[in-house]
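Colleague: here is my input; please provide its structure:
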Amino acid sequence: MSDTTTTDLPRALGVTIKYGKGYEETWANFTGSLEQIRENLISYFGLESASVAEMTMHELVSDVTSMAHGSQHVIRALGGTFAGAKDAPDTTTAAAPAEGTDPWGEGDKSSEVQWPNSTPVEENPALVLIRNATDVPTLQRVWAENQQAFTDAAVSAAYKARGKALTEAAAA
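Modeller: Presented below is the predicted three-dimensional model:
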């Protein structure tokens, strides 16, 4: 029998960052001391040490988990790629908008970046109905006829925002 107790053993921690909800999604595992895991997370996610110096480990893990989920969403749902990836579109040739023009306006489409392998993302039909509602009764009808769609937080948020805007417009 050994006189070494469990309190004499070095402490090792483990942190797993999942890129999505499913088991088949990418996982990034980090083990070691608290300091080693912090350094590895900062390095792995390309963070500036100074920008996260005041964060607790909990806050850092929460932030990098959000980054992982966000990047996975951009890749899967929106067809995005990481900058510098070999399949990323060349955006260096896009012309800058002329001074005094709206860079977000309809204007010249010739300088638009064509994303490889991108497929159009189908917009949620409930969001279209909410956006097209011209008065509060119409918006309420959208809610009454599409209850299942309102389990999506984005749909509920859009409904509330549109309702507020229509109410304010009616009062003006």
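
Colleague: can you report phi and psi for Ala169?
Modeller: The phi and psi values for Ala169, taken as degrees, to the nearest 10, are phi -70, psi -40.

Colleague: neighbours of it, how many?
Modeller: Neighbour count for Ala169, taken as other Cβ atoms under 10 Å: 11. Backbone N, C-alpha and C define where each C-beta goes, glycine included.

Colleague: same question, Thr26
Modeller: When neighbours are defined as other Cβ under 10 Å, Thr26 has 11 of them.

Colleague: any idea how far it lies from Ile17?
Modeller: Remark: distance between Thr26 and Ile17 (Cβ to Cβ, to the nearest Å) = 9 Å.

Colleague: joint contacts of these two?
Modeller: Ala68 (Cβ atoms under 8 Å, 6 or more residues apart in numbering).

Colleague: so Gln36: helix, strand or coil?
Modeller: Look at Gln36: counting by DSSP: H, G, I helix; E, B strand; the rest coil, its state is helix.

Colleague: against Ile17, how distant is it?
Modeller: Taking Cβ to Cβ, one finds Gln36 at 15 Å from Ile17.
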